[in-house]
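Visitor: Give me a model of this one.
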Amino acid sequence: MSTSPPTTADPASLNTPENGSGAGAVVARCAARGVAAVDLTQTTPDAEALGRVPVEVATRHRLLPLAWEAGADGSNTLVVALADPFDRAALAVVRMLVSGEGGVVQPRLATAPEVDPAEAVAEAIGRAYGSNVTRLIGSMEGEGDELVEGGDAAPVDLTQHLQALAGEPTVVNLVDLIIHEAVAARASDIHVEPFEKDLKIKFRVDGVLHDQSPPPKNLQPAIVSRLKIMGGMNIAERFVPQDGHIGFQSAKGPVDLRVATVPTVYGESVVLRILDRAAALIGLDQLGMPEAQLEAYQAQLDQPHGIVLVTGPTGSGKTTTLYASLNHLYSPELKILTIEDPVEYRLNGVNQIPVNVKRGLGFADGLRAILRQDPDVVMVGEVRDGETADIAIRTALTGHLVFSTLHTNDALGAVARLIDMGVEPFLIASSLRAIMAQRLVRRLCTQCRREAAPDPEVVRRLGHRMSEGDTFYEGAGCRACRNTGFTGRFGIFEVVTVTDAMREAVTRRASVGELAQTLDDTHEPMFEDGYRKAAAGLTTLGEVLRVCSG
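Guide: Numbers count the residues shown, from 1 in each chain. Next comes the predicted model:
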């Protein structure tokens, strides 16, 4: 690491307690005591320094080793950036790690533009230790040639063998670093895909898969076994799908991972879905819905009975919307029950039932049991079949508010889907209150966003006429967005409130086209919301077309 010599205080003096707390107080104390600050976005830690502090220690104590400096007199100094350079426990742990080499610790205040020290350290840990994955994989080339699966081994011997492989320190470190790097990259999923001659690792970031450095093929049994052990799964069973759950402490805080395996011709494929606990706490007003649509949706949620549906393909943010709806509805005066597969986020004050098909508890069975619990509000994770749909709608007709998700391409398609499942049209017309369709589009990076004229063909395919004065943008690509031009995603929405005219059309089994004719002038289709957000510089018209077409 190349930096100018800082002005530093005696590390021992940093342990002196002083009044004041919080990031502002820490910055003031550092200035008063001459503790140098370092911008972590402009600093690259030395590999030698990183190797002396395990990622678990760095994450737990919110610190990042920057450099290992050898003095002419034989002394060694570890330069460490901390969210709080006055943290006694953190300094004591680091001193213990380097004391055997006669090392001393030189603390610095971690900083980064527009973020507090704790967030600056968390992001830097993800970048620094995440980049170690490639180096670790490189150092493991040629290792584990004996780790290929032994076809004739006895089951007990094979299980013990896999457990031993999964416990190897290099494998443990590799798996941990892959997860750390995925969290730092804002990935929603980690894919471990076996093929004939290689093992691929992919991260899904903002809905798009990106290849990562592949580990050696001969480490496949050890890596898969390690993930299955972490997820509480049976490592001896390799020929049936399995599901598990991992609680993991990342640099950004605790995360939950849902693990799913499936056998393929070249071994088990593993997908880890990274669940952000903060997503369960989001409010409806944070989803990005237009004001008029938000008011219409909230008005239907506030009704005492009826069914409200959220539609869209897999990965369109429906679950986040359901939890935001639960947060909006929650009151100690209401009995709220959910049935989900699986329960992704735990909510205080809400009774959540996990589906367990192996033990005979499906959505339909669980929904019948829920009705005997005297609920006021019922959330069904997904309407998958006609039996569940029929029970959900009859539940709404008997004085309960029900909301759920349905896999359809648009809002009005939900009616046709329910009829196709075998639900009587008059029951749909009597119970359905609102349908919301949604998609997720990638958000333009604010660091590299630049004006760009939209492709006329894209505008034409959206079916929208350009408004005079509208300005559109594109992402040029930069370090902040990993040269993709996008950082994060947000929703575009369409809300259909069921009117009397629509109820009459549903009862007579009207087509989707006929249902569309019953919509009033205030209705806005999804592409209109997308066009408006693209014109506001939040995304591109190409992104809107990508998720709205078909």
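Visitor: and the residue sitting nearest the centre point of the chain, what is it in contact with?
Guide: Among the residues of the chain, S188 comes closest to the average C-alpha position under Cα atoms, centre = their mean, at 4.1 Å. By Cβ atoms under 8 Å, 6 or more residues apart in numbering, S188 lies in contact with R204, V205, G207, R273, I274, G315. C-betas here are computed from N, CA, C, even on glycine.
Visitor: Secondary structure element holding it?
Guide: In this structure, S188 is located in strand 187-194 according to DSSP states H and E.
Visitor: partners of that strand in the sheet?
Guide: strand 199-205 (antiparallel), strand 267-275 (antiparallel) (DSSP bridges).
Visitor: what's the following helix or strand after the first one?
Guide: When you say that, I think you mean strand 199-205. strand 208-211.
Visitor: Only C-alpha atoms, please: export that next one in PDB.
Guide: Extracted as PDB, the C-alpha positions of strand 208-211 are listed here (Å, rounded to 0.1, in the frame of the first residue of the first chain):
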ATOM      1  CA  VAL A 208     -27.800 -10.700 -14.600                       C
ATOM      2  CA  LEU A 209     -25.400 -13.600 -14.100                       C
ATOM      3  CA  HIS A 210     -21.600 -12.900 -14.000                       C
ATOM      4  CA  ASP A 211     -18.900 -15.500 -14.200                       C
END
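Visitor: Going along the chain from it, find the next helix or strand for me.
Guide: For strand 208-211, the following helix or strand on the C-terminal side (DSSP H and E) is helix 220-230.
Visitor: where are the low-confidence patches of the stretch 101-250 of the chain?
Guide: 102, 130-159, 161-162, 165-168 (pLDDT under 70).
Visitor: Quick check: pLDDT value at the closest residue to R273 other than its chain neighbours.
Guide: Once flanking residues are discounted, R273 sits nearest to R258: 4.4 Å by Cβ to Cβ, 6 or more residues apart in numbering. pLDDT for R258: 91.
Visitor: so which strand or helix has R258?
Guide: strand 253-264.
Visitor: Likewise for N327?
Guide: helix 318-329.
Visitor: Now do the contacts for T321.
Guide: Neighbours of T321 in contact, by Cβ under 8 Å, 6+ apart: L287, V310, M436, Q438, G491.
Visitor: Try it again at 6 Å.
Guide: V310 (Cβ atoms under 6 Å, 6 or more residues apart in numbering).
Visitor: So what's the residue count around the residue nearest to R273?
Guide: Residues within reach of R258, counting by other Cβ atoms under 10 Å, total 17.
Visitor: Surely it and V271 touch.
Guide: No. Counting by Cβ atoms under 6 Å, R258 does not reach V271; the two are 8.5 Å apart.
Visitor: Now tell me what touches stretch 302-319 from outside.
Guide: 300, 321, 393, 396, 399-403, 405-406, 408, 411, 414, 431-440, 491.
Visitor: circling back to that earlier point, could you say which one of the strands paired with strand 187-194 comes nearest to D176?
Guide: Of all the strands paired with strand 187-194, strand 267-275 sits nearest to D176, with 12.5 Å by Cβ to Cβ.
Visitor: Look at stretch 49-61 and report the distance between its end residues.
Guide: 16 Å (Cα to Cα, to the nearest Å).
Visitor: Could you pull out the buried residues of that stretch?
Guide: Using 16 or more other Cβ atoms under 10 Å as the test for burial, stretch 49-61 gives A49, L50, R52, V53, V55, V57, A58, T59, H61.
Visitor: Stretch 285-302 too?
Guide: For stretch 285-302, by 16+ other Cβ under 10 Å, it's L287, G288, M289, P290, Q293, L294, A296, Y297, Q300, L301.
Visitor: Then stretch 497-507?
Guide: T497, V498, M502, R503, A505, V506.
Visitor: which residues of the stretch 101-250 of the chain fall in helices?
Guide: Secondary structure of the stretch 101-250 of the chain (DSSP state H, counting those that start in this stretch): helices at 117-130, 132-140, 155-166, 169-184, 220-230.
Visitor: Over to the stretch 251-400 of the chain?
Guide: Ranges of helices within the stretch 251-400 of the chain are 291-301, 318-329, 363-371, 386-397, based on DSSP H, counting those that start in this stretch.
Visitor: Packing partners of the last one?
Guide: The elements that helix 386-397 packs onto, with contact taken as 3 or more Cβ pairs under 6 Å, 6 or more residues apart in numbering; DSSP states H and E, are strand 306-311, helix 363-371, strand 401-406, helix 425-431.
Visitor: ok, the contacts of S188 vs Q249, which is closest?
Guide: Closest to Q249, out of all of the contacts of S188 and judged by Cβ to Cβ, is I274, at 13.1 Å.
Visitor: that older thread, I'd like to know which of the strands paired with strand 187-194 lies nearest to R359.
Guide: Closest among those, using Cβ to Cβ: strand 267-275, at 22.6 Å.
Visitor: contact partners of the closest one?
Guide: Contacts of strand 267-275 (Cβ under 6 Å, 6+ apart): 188-194, 220, 224, 227, 238, 255-262, 344.
Visitor: Between helix 220-230 and that strand, find me the angle.
Guide: Angle, strand 267-275 to helix 220-230, by axes from the mean of the first three to the mean of the last three Cα atoms, to 10 degrees: 40 degrees.
Visitor: Which parts of strand 267-275 count as buried, going by neighbours?
Guide: G267, E268, S269, V270, V271, L272, I274, L275.
Visitor: Which single one of those is nearest to I246?
Guide: Closest to I246, out of all of the buried residues of strand 267-275 and judged by Cβ to Cβ, is L272, at 7.2 Å.
Visitor: can you tell me how far that closest one sits from L334?
Guide: According to Cβ to Cβ, to the nearest Å, L272 stands 34 Å off from L334.
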